[in-house]
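Chemist: Provided below for reference: sequence and predicted model.
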Amino acid sequence: EAGVVQSPRYKIIEKKQPVAFWCNPISGHNTLYWYRQNLGQGPELLIRYENEEAVDDSQLPKDRFSAERLKGVDSTLKIQPAELGDSAVYLCASSLGRGGYGYTFGSGTRLTVV
Amino acid sequence: KNEVEQSPQNLTAQEGEFITINCSYSVGISALHWLQQHPGGGIVSLFMLSSGKKKHGRLIATINIQEKHSSLHITASHPRDSAVYICAVSINYGGSQGNLIFGKGTKLSVKP
């Protein structure tokens, strides 16, 4: 079975440009997470989905970040416009549900804003 | 103070050495996770613990719920074990239940 699939693996863009990341979770995993990981730090939650509903987006900078999870399966995370400080690894993870379940992480997208 | 603290931040060992990485947390949890991250960025889940001890190959993870402390041990370390090891906890309260809080990671380098 394929794991959590993310694309692209790497992205370099100029500041003020838009960028989008895509995530395909494990089949049957209802809960999907987007995390941002800055260099030398642990990942930090941006948004959590339960099926197609965003149930925790308190850490998502809503002025420039948006996300959606179509039909409760694939998800996209968008930044528009990107800023230099957005350079980071963006990780997607999925699990069967909240708490007490294992997590499966994708390979991440390394974003560099120049 | 971070809710999940790991030590050491960096660790260099000689091949064959026994390695211990520690994790302390200050919040209520439903489970603790040990994760491995290689330079490419992807994260692999090693263990999920809610009590006691688990072993997989040369890796052993223990947790003491009363003391809010966990350790990851690597026996007979090998250069291929070089990676960042991250401790993360699943929160068990409130609207954030199920969310993970991560430590900053321990960068392990095993020299041949």
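Modeler: Here it is on my side, so go on.

Chemist: alpha carbons only for contacts and neighbour counts from here, please
Modeler: OK.

Chemist: contacts only, for residue A:45.
Modeler: If you count contacts by CA atoms under 8 Å, 6 or more residues apart in numbering or on different chains, residue A:45 has them with A:33-36, A:59, B:99-100.

Chemist: and it, how close does it get to residue B:19?
Modeler: 29 Å (CA to CA, to the nearest Å).

Chemist: in stretch A:17-29, what's buried?
Modeler: For stretch A:17-29, a neighbour-count test (16 or more other CA atoms under 10 Å in any protein chain shown) marks A:19, A:21-26, A:29 as buried.

Chemist: turn the residues you listed into a markdown table, columns for secondary structure, distance to chain B and pLDDT.
Modeler: Converted to a markdown table, these look like this (DSSP: H, G, I helix; E, B strand; the rest coil; distance: CA to the nearest CA, whole Å; pLDDT from 0 to 100):
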| residue | secondary structure | distance to chain B | pLDDT |
| --- | --- | --- | --- |
| A:19 | strand | 19 | 98 |
| A:21 | strand | 15 | 97 |
| A:22 | strand | 15 | 97 |
| A:23 | strand | 13 | 97 |
| A:24 | strand | 15 | 96 |
| A:25 | coil | 14 | 96 |
| A:26 | coil | 14 | 94 |
| A:29 | coil | 14 | 92 |
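
Chemist: related to what we said a few turns ago, can you lay out the contacts of residue A:45 as TSV showing neighbour count?
Modeler: Shown next, in TSV, are these (neighbours: other CA atoms under 10 Å in any protein chain shown):
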residue	neighbour count
A:33	24
A:34	25
A:35	23
A:36	23
A:59	12
B:99	22
B:100	25
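
Chemist: give me the secondary structure label for the most centrally placed residue in chain A.
Modeler: Closest residue to the average C-alpha location of chain A: residue A:34 at 3.1 Å, with CA atoms, centre = their mean. Reducing the assignment to helix, strand or coil with DSSP: H, G, I helix; E, B strand; the rest coil, the entry for residue A:34 is strand.

Chemist: below-threshold pLDDT in chain B: ranges please.
Modeler: Along chain B, segments meeting pLDDT under 70 span B:1, B:41.

Chemist: who in it is up against chain A?
Modeler: Residues of chain B found near chain A (CA under 8 Å from any CA of the partner chain) are B:30-31, B:40-45, B:48, B:86, B:90-92, B:95-105.

Chemist: identify those among these that sit within strands.
Modeler: Within the residues of chain B next to chain A, residues falling in strands by DSSP state E are B:30-31, B:43-45, B:48, B:86, B:90-91, B:100-102.

Chemist: spit out the contact partners of residue 82.
Modeler: You didn't say which chain, so I picked chain A. Residue A:82 sits in contact with A:14-19, A:64, A:113, where contact means CA under 8 Å, 6+ apart.

Chemist: that's the wrong chain, I wanted chain B
Modeler: By CA under 8 Å, 6+ apart, the contact set of residue B:82 is B:38, B:107-110.

Chemist: distance of it from residue B:91?
Modeler: 28 Å.

Chemist: what parts of chain A come near chain B?
Modeler: Contact residues, chain A versus chain B (CA under 8 Å from any CA): A:40-45, A:56, A:89, A:91, A:97-100, A:102-110.

Chemist: ok, now with 7 Å
Modeler: Selection of chain A residues close to chain B by CA under 7 Å from any CA of the partner chain yields A:40-43, A:98-100, A:102, A:104-108.

Chemist: so how far does stretch A:63-80 reach from one end to the other?
Modeler: When the termini of stretch A:63-80 are compared using CA to CA, they are 9 Å apart.

Chemist: understood, closing this out.
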